[in-house]
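> pasting the sequence and the predicted coordinates here, then a few questions.
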Amino acid sequence: MHSAEHILNQTMVRMFNCGRSFSAHIEKKKSKCDYHFDRNLTDVEVQEIERCVNEVIAADMPVTERFISRNEAGKLFNLSRLPDDAGETLRTIRIGDYDACPCRGQHVHSTKEIGGFKIISTSFDNGALRVRFRVEEGEHK
Ligand SMILES: [Zn+2]
């Protein structure tokens, strides 16, 4: 589930040049990510995001972890969302050559394990775009 969030974030960054989600709620059945934005998405954009994310999933990219110092991570990533107690060594999660970011969550080993990515709805309120999505059980086991 987390892995899908990472791919969605990178897709949003690439398509709209917005930041990664500033708030996320990841659950088994239904997840949501919030982005700083200036409007709601169009249906075409929603379809395009779904297509991009599913393309990454279908490409079966390896999901790997790497431990780097906080100092090094600070040069590579925006650490503003990182909790203060994260420590001096950070775990980063890399998804093929598509995305990398610090994360402590649970991840799949390759993107194909994620299954299908589906956006349920989006809404816009007060500078925040909310994307609600779910991940269908992997048809490919
Ligand atoms: Zn994660």
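That came in fine, so what should we check first?

> who's in contact with the nearest residue to Pro62 once chain neighbours are set aside?
Take Pro62 and drop its neighbours on the chain: the residue closest to it by C-beta to C-beta, 6 or more residues apart in numbering is Ser110, 5.3 Å away. Where you see a C-beta, it was placed from the backbone N, CA and C, and this is true even at glycine. If a contact means C-beta atoms under 8 Å, 6 or more residues apart in numbering, then Ser110 has 60-63 as its contacts.

> and with 10 Å instead?
Going by C-beta atoms under 10 Å, 6 or more residues apart in numbering, Ser110 touches 3, 57, 59-64, 95-96.

> check Glu137 too.
114-116.

> do I have it right that Ser23 meets Cys33?
Yes. With contact defined as C-beta atoms under 10 Å, Ser23 reaches Cys33; the gap is 7.5 Å.

> who's more crowded, those two?
Cys33 (21 against 12; other C-beta atoms under 10 Å).

> please identify which helix or strand holds that one.
strand 31-36 (DSSP states H and E).

> in that strand, what's buried?
31-35 (16 or more other C-beta atoms under 10 Å).

> quick one: which of those is nearest Gly19?
Of all the buried residues of strand 31-36, Gly19 sits closest to Tyr35, with 6.9 Å by C-beta to C-beta.

> partner residues bridging that closest one?
Leu129 (DSSP bridges).

> what do Ser23 and Cys33 both touch?
Counting by C-beta under 10 Å, 6+ apart, the residues touching both Ser23 and Cys33 are Arg130.
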